[in-house]
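Trainee: After the sequence you'll find the predicted model.
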Amino acid sequence: MPKIIRIQDIAQHVGEEVTLQGWLYHRTDKGKLQFLRVRDGTGYAQCVVFKKDVSPEVFEAARSLTQESSLIVTGTVRQDARAPGLPGGHELSVTGLQVLQVAQDYPIQPKEHGVEFLMDHRHLWIRSQRQWAVLRVRATVIRAIRDWLDDHGFVNLDTPILTPAACEGTTTLFETDYFGTPAYLAQSGQLYNEANIYAFGRVYCFGPTFRAEKSKTRRHLTEFWMVEPEAAFCDLDQLMEIEEQFVSYIVQTCLRERAQELALLGRDTGHLEKVVPPFPRISYDEALEMLGEIREQTDDEELKGLLEIEWGEDFGSPHETELTKRFEKPVFVYGYPTRAKAFYMEPWPGRPEVSKSVDLLAPEGYGEIIGGSERISDPDLLLERLREWGLPREAFEWYIDLRRYGSVPHSGFGLGIERTVTWICGLDHLRETIPFPRMLKRVYP
RNA sequence: UCCUCGGUAGCUCAAUCUGGCAGAGCGGCCGGCUGUUAACCGGUUGGUUGCAGGUUCGAGUCCUGCCCGAGGAGCCA
């Protein structure tokens, strides 16, 4: 039996007789000639069946193939510029074909479909080329994240998903029954990360995160993946340096290793090539000024209304979108008002109404992909904040301990995987960046 | 929770404004074609018009209520 190869390696086997194991993606019948487009998970390759080259049984078997039928096909690899596929440029001259199963009435066609139909068939939709490409970029983003952090001294220590109380006391959490007492699905591992840095210096957790917010937009999931690095002896400036190195590495790795997928998606990679350190840094106050200018310059009354903001309020999506349109690279916005952010953020020296917080906004209108800050290191200040925020001291006793035994300046951030993949792939909705998205109106399949 | 848009064949849509035989393309099936790129050509198959009620000689179309979905706001990564 000829050697079984993967389609991604097809160019290394020109002139050899090889076997592919996969599924029929598309078939064109020209009478005495058939084009089978086969996918095997690593790529897509065209297999050509000439009636004169194969037995009548093989030719008829090929004619019986429907979309998504499973098959094992053998043939000789030939270089041909006309051959479509990924990587493409090579095709198989079929000599033998074994049909494992003829699929009946596969619902998804290679044409436009509606969102609801595709989401109902997500378990099949992920076989489609665009979805395949997006999810391969996702896998590369995840590997780049782990590689960079592992190579820069961050120890991977994952934090619990079942937690006793609200981490930040703000967003709505999913409640579960934990042997008779309520427990909540984690919205962040940050507080546990802060414990871990005192044992390991630099750490990160990477896992699913849950928000029971009734958000109904293209940038929200109820279950999403977040990587949260945290570092001891790290102030806000050092944090921004880490973030820009980290994000640049992720983007450049995708450009290098997933060029084919990004091309398939029609991504203009020129934007991504500019993502190298340093990133522009503007303060919340400067951002507010820019937003004021944008409001003055626009004639769009609706936009004027959406951009209305007073000092002290956090930015909404419209603000972020307009700000990032003014930059070619991701932009840091730092120094948000204390009352707009979480209780644990270190105050700005001499300006207690401002926090040492920083968000990283992706360009081209994609908005926030990272939120981070320097954390409060003084136990008395932390106690004061817990009181001001109305949080129960008992639940945070262990967290206060961290400031009692060798407290140091420390900082960390959380990067949303799906938003990052959405930006890198140039998509308009993040639901395609995770195999099975969980959204307000979607828990099936 | 609020605002806007939508629901017609397996899929994508037309017919809705101005009530009058339920339509097309794709898919499926049959036939033709040796370079197709979501092929093309001929034939054929295909309907609880989201649900319930109302107006009317007659409702996919008008009215009322409900259900479902999408986009946006808020919240956030």
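Mentor: Alright, I've got the coordinates.

Trainee: Next, count neighbours for residue A:430.
Mentor: 25 (other C-beta atoms under 10 Å). Where C-beta positions appear, they are placed from N, C-alpha and C, glycine not excepted.

Trainee: Let me see the contact set for it.
Mentor: Shown in contact with residue A:430 (C-beta atoms under 8 Å, 6 or more residues apart in numbering): A:218-221, A:418-419, A:421-422, A:437.

Trainee: so which of these comes closest to residue A:249?
Mentor: Set against residue A:249, the nearest of those by C-beta to C-beta is residue A:421 (15.1 Å).

Trainee: any idea how far the residue lying closest to residue A:174 once chain neighbours are set aside is from RNA strand B?
Mentor: Counting by C-beta to C-beta, 6 or more residues apart in numbering, residue A:174 lies nearest to residue A:185, which is 4.3 Å off, once chain neighbours are set aside. Noted for residue A:185: a distance of 13 Å to RNA strand B, by C-beta to the nearest atom of the strand, to the nearest Å.

Trainee: For the stretch 151-300 of chain A, what lies in contact range of RNA strand B?
Mentor: The stretch 151-300 of chain A has residues A:170-171, A:188, A:211, A:213-222, A:224, A:226 near RNA strand B, with proximity defined as C-beta under 7 Å from any atom of the strand.

Trainee: Quick one: buried ones out of the residues you listed?
Mentor: A:188, A:211, A:219-222, A:224, A:226 (16 or more other C-beta atoms under 10 Å).

Trainee: quick one: the helices in the stretch 201-350 of chain A?
Mentor: In the stretch 201-350 of chain A, the helices defined using DSSP state H, counting those that start in this stretch lie at A:236-257, A:259-264, A:270-273, A:284-297, A:301-306, A:317-324.

Trainee: Among these, show the one with the smallest mean pLDDT.
Mentor: Lowest mean pLDDT within the helices of the stretch 201-350 of chain A: helix A:301-306, at a mean of 81.

Trainee: Off-centre distance for that helix?
Mentor: 30 Å (C-alpha atoms, centre = their mean, to the nearest Å).

Trainee: Return the set of buried residues in it.
Mentor: Neighbour counts over helix A:301-306 (16+ other C-beta under 10 Å) mark residue A:306 as buried.

Trainee: Identify all contacting residues around the helix or strand of chain A with the lowest mean pLDDT.
Mentor: In chain A, the helix or strand scored least confidently by mean pLDDT, DSSP states H and E is helix A:301-306, which has a mean of 81. By C-beta under 8 Å, 6+ apart, the residues outside helix A:301-306 that reach it are A:295, A:298, A:316, A:318, A:322.

Trainee: one step back: phi and psi next, for the residue nearest to residue A:174.
Mentor: Torsion angles at residue A:185 (phi, psi; degrees, to the nearest 10) stand at phi -70, psi 130.

Trainee: and it, how many neighbours does it have?
Mentor: Counted with other C-beta under 10 Å, residue A:185 comes out at 19.

Trainee: Could you work out the most separated pair of the buried ones among the residues of the stretch 151-300 of chain A next to RNA strand B?
Mentor: Among these, A:188 and A:219 lie farthest apart (C-beta to C-beta), at 17.6 Å.

Trainee: buried residues in the helix or strand harbouring residue A:397?
Mentor: Taking DSSP states H and E as the criterion, residue A:397 maps to helix A:397-404. By 16+ other C-beta under 10 Å, the buried positions in helix A:397-404 come out as A:399, A:402-403.
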